[in-house]
Structure formats: structure tokens, C-alpha cells
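>>> Got a sequence here, can you build the structure:
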Amino acid sequence: MRCWKYRFSLKLLSTIMACALCLNCARDGSVSRSLRAGGEAAVSSRADAKEIEWLTYREALEILEQANPPLAMIYFSHRDCKPCDLLEKWSFTDPRVVRAAKDMVAVKIQGDVETQIAQRLNINTYPMIVFARLDNGEIDRKAGYRDAGSLAEWIENVLAGRGTIAKLRKELESNPDDPELLLRQARNYLDADDPPASLQLIEKASALDAENAAVLVVRGLYHLRVGKLDEAEKVIAAALELDEQNEEARRLHIMILLGKTETLLEQQEYAVAKQQYLQILELDGSNFAAHMGLGQAYRKSGEGEKALEEFRKAAVIRPDSAVPHVALGDLYQEQKDDQTAEQEYLTAIVMEPRYEPPYFRLMELYERNGQRDELMDIFAKAYPVEPAGAHNEIAWLFATSKCPEIFDPIAAEKHAQAAVELEPDPMYIDTLAEAYYAQGEYKLAIGVIKEAIAADSEDLAYYREQLEKFEKAKDGVSASPE
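Residues are numbered from 1 along each chain as shown. Down below sits the predicted model:
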């Protein structure tokens, strides 16, 4: 199977784990009609909402500046933030989160657009969620992706005043030498992407009780946060020496091993990766990520039957997850069993209809087999899930297909234009360039690919190869698409 044109990565799911607030600013007066009618009514109207009603920063001020302002949940996103996409798609839409946040003012701020607000609130990591009241400052904040269950629980704790940064700060004023309070607040600061503040509290807790496994565990979390994997491994090993039954230390030990083994898999060290995954499974036989990783290692080593066995085990461990079924579909495609592959992808879609990969796998399967009707049907189903990605994927297939039933450069241009209009991602711009190339419009292809080169520093080598291909075609070296 060729590399996926779609920008979503399955690895993203496996690697995701893991000051007083000043709301006074110059307003442009652009407040919605419902807000002008009264903030209290606007909040109460959300009580029975089926989704979170996001307000802009300036819209929210109309409510937050009233007497007894409600709690604000301020969500900072960023254009290039994939965890933000997941948070918006999976967590903020979950009924548990919607219910928990129903009495709050939900504010969404795009940090790369409203940079002054992000800088004022010291937002350097995305996604970031901040809870605050205008009359009482910031209450709590956390960075990074959170699944719906943990996000709903956090919101409930904030509403109840349990374990927040503000709450623990007050408790530490009364009990500054309480190791448990120090470590709880140190964890909070790590969640808030403030490692220096966390380390200060860890050091203080360590000075009070150096031979404490709990202190070492939080220190290990600190090392993980700042990217010192080897240091984290040493500290967690020391924690397990002090308390081999410490469940969190054991989980972190396995997580560190998984991270290192995933690196081996990326480096194509398949034999070593297999050994490492097997060792992890000796420690935790029901570890979903280890079974998935071992399956991929077997797959890359050409051991298809063993890979199937691991993916099936993963599906049993998490019967509600679509991920193993996508992996099974990919493997069946490699084994030329398209019928079974199709069934696995369709199963994945039924299980998690908002999960994009199986739609795009099916699109490529139908393209390869020249099934245009089926291709268009799955595109129509993928479009509501990921509009720009669906347009981009079908555009790429129309522009590059070897099947005469599918190859359609004009349709490719139309869909690529739609993708770029929805989201000017350099990858989508490249697809538009490929569509022009497929039509023989080499000058247009060259101009467009230069836009992708100017916009993306990560995939420059690929885009320059594309530019060279288009220039050779223009000069008559290659007069037709490859």
C-alpha cells in the first residue's frame, strides 16, 4: 500500500496520553444579538443544549462583566494542532462533557490568530483549557488532549472546587510543608505545562521525604514532560525499588518501555521491537498498545498470521475501538483479500463513525479496484466527518489513479480546490498541483507547488521532488503523468 495522502496518523492516537486572569480588553462592539438581550438568558439557554455553544472572546465579555459572572471555560486552539482537532471532535462533543459544561460560558480562542490574548494569558502549548471567573481570577488550567471521561470529571472537580491550582494554593498557604499537597500541586503544574513551578515543589517535597516512592513518581512525570526519557526511566526504576507494588510507577515503567519500543519500530528495528513488545506483554498481558505495536512489527517483518493474531487480541481487549479493525483491514489488503479488508473497514466505521481512517482506506481500496460508484458513496459518507480531508483524498485518487474508470483530472481539480478553500493545508495545495499536472497544465502545477513549498518546512524534500517532476514535464522530459 502506498503512503496515505490524508494527513491523519494512527500513531497520533497511541502517543496521545498524554496567574490571575484579566479579561478586560478593548472591545470592537461586535456582540451577538442574543448576548445584548442579556447574559443570564444566554447562559440559561444552554442548560438543555446538545452541544457546547462556543463564544468568541469579545462576545463572552458581555456576560462575564455582569455581577456574579458565571465560570468561564476558555479553550485555546491552534491551526496546526492535531490534538486540538481530536479534542474538538471527540471530547467536546461528548454528552458527558456537554452536560458538565452546561452552566459555563464556553470561550474558544485561536491562539495563532488572537496572539495578544494568548500571550497575555501565557499560553505556549496547545490545546490549553483555562477555567476562570472575572471576579476571582484563574482557577485551573490544563494543556494537551483529554478524553471525554477525564475532561468531564475535571470540569466537575472545578465546579466543586476540588484539587484545582487555586484551591491547592490556598491549602499550601496553611500547610506549606505537607508533602502530599506539594506533590498534588506539582502534578497540577505539569498538567498546566509549567515544569519549572512543578520542579520547585518536587524539590521541596523531596527535601521533606527523600525516600518516598510517590516523590520519585512525580519526578519521573516531570522528566517525561520535559522530554528526558532516560532520566524518567531511572527515577521510575528507583521508585519501584522502594515500592515494587506502586501501581502508578509500574504503569509509567510500561509507558516508557512502549515509547522506546515505538521508536525502534519507526527505525525499522523490527526484531528488537518484537522482543521489547513481548517483554512488555509479560508485564501486562492485556496492554492494548503493546498488542497493536507487536502486530505492526510482525506485519512489517512479513509475519502476517502472527500480526493478525495480535490485532485480534487488541480487538478483544478494546471491543469498542475501531483501531484494530483498521489495522486488520490494512493487513488483509496486503494479503490481497479485499473482501475481508472491506468488511473490517466497514466494521470500524460502524463502531466509530467519526473516526476518519477507515473511510480513506476504503476510498483507496475502491480506487484500486476501479469501483467508482462505491468510491463516490464512501466519499459522501466521509465528507461530513472530515470535509477537507475527504475532498483532498478523492482529488488525489482522481489525479493519480491508474484505473481508467477512476482517473479524472477535472474532477480532481474541483475537489482539490474545495479542500484548499476549506483548509489551506500545504498537503492539500500539493494535491491541487498534482491535479493540474494530471491535466498537462504544468505551469499552473509549478506555481501551485511553490505555494506549498513556501508554506511548509516539514515536507520540503517531497514538495521539491514534486516541483522537479513538474518542471521536467514542462521542459518536455516527461510529457505525461507517471
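>>> Return the helix or strand in the protein with minimum mean pLDDT.
Taking mean pLDDT, DSSP states H and E as the measure, the helices and strands of the chain show their lowest mean at helix 33-36, namely a mean of 26.
>>> can you list contacts of the helix of greatest length in the chain?
The single longest helix within the chain, with elements called by DSSP state H, is helix 247-266. Helix 247-266 is touched from outside by 11, 14-15, 17-18, 213, 216-217, 220-221, 224, 229, 232-233, 236-237, 239-240, 243, 272-273, 276-277, 279-280, 283-284, 287, 289-290, 293, 296-297, 300, with contacts defined as C-beta atoms under 8 Å, 6 or more residues apart in numbering. Bear in mind the C-beta positions are built from the backbone N, C-alpha and C, glycine included.
>>> Now, of those residues, which are buried?
By neighbour count, with 16 or more other C-beta atoms under 10 Å, the contacts of helix 247-266 hold 14, 213, 216-217, 220-221, 224, 232-233, 236, 239-240, 243, 273, 276-277, 280, 284, 287, 289-290, 293, 296-297 as buried.
>>> Could I get the full set of strands for the stretch 1-150 of the chain?
In the stretch 1-150 of the chain, the strands defined using DSSP state E, counting those that start in this stretch lie at 54-55, 72-77, 105-110, 128-133, 137-143.
>>> hang on, A314 packs against Q296?
No: contact criterion C-beta atoms under 8 Å: A314 and Q296 do not qualify, at 10.5 Å.
>>> Quickly list what's touching both of the two.
Taking C-beta under 8 Å, 6+ apart as the criterion, A314 and Q296 both touch A327.
>>> could you check the distance from the residue nearest the centre of the chain over to D459?
Residue closest to the mean C-alpha point of the chain, counted by C-alpha atoms, centre = their mean, is P83 at 2.6 Å. As defined by C-beta to C-beta, to the nearest Å, P83 lies at a distance of 20 Å from D459.
>>> Leaving out the residues flanking it, which one is nearest to L397?
When the adjacent residues along the chain are set aside, L397 lies closest to E367, with 4.4 Å between them (C-beta to C-beta, 6 or more residues apart in numbering).
>>> State the helix or strand in which that neighbour lies.
helix 357-368 (DSSP states H and E).
>>> counting contacts, what elements does that helix pack onto?
The criterion is 3 or more C-beta pairs under 8 Å, 6 or more residues apart in numbering; DSSP states H and E, and the helices and strands that helix 357-368 contacts are helix 323-334, helix 338-351, helix 372-382, helix 387-400.
>>> contacting residues for the residue nearest to K142 when sequence neighbours are not counted?
Nearest in space to K142, with sequence neighbours left out and distances taken as C-beta to C-beta, 6+ apart, is D191 at 4.4 Å. When contacts are counted by C-beta under 8 Å, 6+ apart, D191 touches R141, K142, A143, G144.
>>> Ok, A152 next?
If a contact means C-beta under 8 Å, 6+ apart, then A152 has D94, R96, V97, R99, A100 as its contacts.
>>> re earlier: per-residue confidence for the closest residue to the residue nearest to the centre of the chain other than its chain neighbours?
Using C-beta to C-beta, 6+ apart and skipping residues adjacent in sequence, the residue nearest P83 is Y145, 4.0 Å away. Looking at Y145, its pLDDT is 95.
>>> and if you look at F288?
As summarised for this prediction, F288 has a pLDDT of 97.
>>> helix/strand/coil for G476?
Using DSSP: H, G, I helix; E, B strand; the rest coil, the structure places G476 in coil.
>>> Distance check, the residue nearest to K142 against E65.
As for D191, its distance to E65 is 29 Å (criterion: C-beta to C-beta).
>>> now swap in N175 and tell me
Note on N175: its distance to E65, by C-beta to C-beta, is 35 Å.
>>> Comparing those two, which residue is more hemmed in?
Higher neighbour count among N175 and E65: E65, with 14 against 11, using other C-beta atoms under 10 Å.
>>> pretty sure the more buried one is touching D135, no?
No: when contacts are counted by C-beta under 8 Å, E65 is not listed as touching D135 (9.6 Å).
>>> where does the stretch 1-150 of the chain have low pLDDT?
Of all residues in the stretch 1-150 of the chain, those with pLDDT under 70 make up the ranges 1-49, 67.
>>> Tell me which stretches of it form helices.
Counting by DSSP state H, counting those that start in this stretch, the stretch 1-150 of the chain has these helices, from start to end: 10-15, 33-36, 39-44, 57-64, 82-86, 95-100, 115-120, 148-160.
>>> Most tightly packed of the ones you listed?
Most buried of the helices of the stretch 1-150 of the chain by mean neighbour count (mean count of other C-beta atoms under 10 Å) is helix 57-64; its value is a mean of 21.
>>> How far does that helix sit from its chain's centre?
28 Å (C-alpha atoms, centre = their mean, to the nearest Å).
>>> how about it as PDB, C-alpha atoms only?
Extracted as PDB, the C-alpha positions of helix 57-64 are listed here (Å, rounded to 0.1, in the frame of the first residue of the first chain):
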ATOM      1  CA  TYR A  57     -13.600  36.300  23.500                       C
ATOM      2  CA  ARG A  58     -15.400  39.600  23.000                       C
ATOM      3  CA  GLU A  59     -18.800  38.000  22.900                       C
ATOM      4  CA  ALA A  60     -18.100  36.400  26.300                       C
ATOM      5  CA  LEU A  61     -17.100  39.700  27.900                       C
ATOM      6  CA  GLU A  62     -20.700  40.800  27.700                       C
ATOM      7  CA  ILE A  63     -21.700  38.000  30.100                       C
ATOM      8  CA  LEU A  64     -18.500  37.900  32.200                       C
END
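>>> which other helices and strands contact it?
Packing partners of helix 57-64 (3+ C-beta pairs under 8 Å, 6+ apart): helix 33-36, helix 39-44, strand 105-110.
>>> If we use 6 Å, what do you get?
Helix 57-64 is packed against strand 105-110, with contacts defined by 3 or more C-beta pairs under 6 Å, 6 or more residues apart in numbering; DSSP states H and E.
>>> Paired strands for the strand it packs on, with orientation please.
Strand 105-110 has these partner strands in its sheet, going by DSSP bridges: strand 54-55 (parallel), strand 72-77 (parallel).
>>> and those, which is most packed in?
strand 72-77 comes out most buried of those by mean count of other C-beta under 10 Å, with a mean of 23.
>>> what sits up against it?
Applying C-beta atoms under 6 Å, 6 or more residues apart in numbering, the set of residues contacting strand 72-77 from outside is 64, 84, 101, 104-111, 123, 127-132.
>>> Is it possible to get a markdown table of the contacts of A152 that adds distance to A473?
What follows is the contacts of A152, written out as a markdown table (distance: C-beta to C-beta, whole Å):
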| residue | distance to A473 |
| --- | --- |
| D94 | 49 |
| R96 | 54 |
| V97 | 50 |
| R99 | 57 |
| A100 | 56 |
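>>> so which of those residues comes closest to L397?
When these are compared for distance to L397, the smallest value, 32.5 Å, is given by D94; criterion: C-beta to C-beta.
>>> Against A455, how distant is the closest one?
Here the criterion is C-beta to C-beta. By it, D94 lies 33 Å from A455.
>>> Check the gap between the closest residue to C81 other than its chain neighbours and E114 for me.
Computed as C-beta to C-beta, 6+ apart, the closest residue to C81 that is not its neighbour in sequence is Y126, at 4.3 Å. Distance of Y126 to E114, computed by C-beta to C-beta: 13 Å.
>>> who has more neighbours, the two?
Remark: of Y126 and E114, Y126 carries more neighbours, 23 against 17, as counted by other C-beta under 10 Å.
>>> which residues touch stretch 303-319?
The set of residues that contact stretch 303-319 without belonging to it, under C-beta under 6 Å, 6+ apart, is 286, 288, 291-292, 294-295, 298-299, 324, 327-328, 331, 335.
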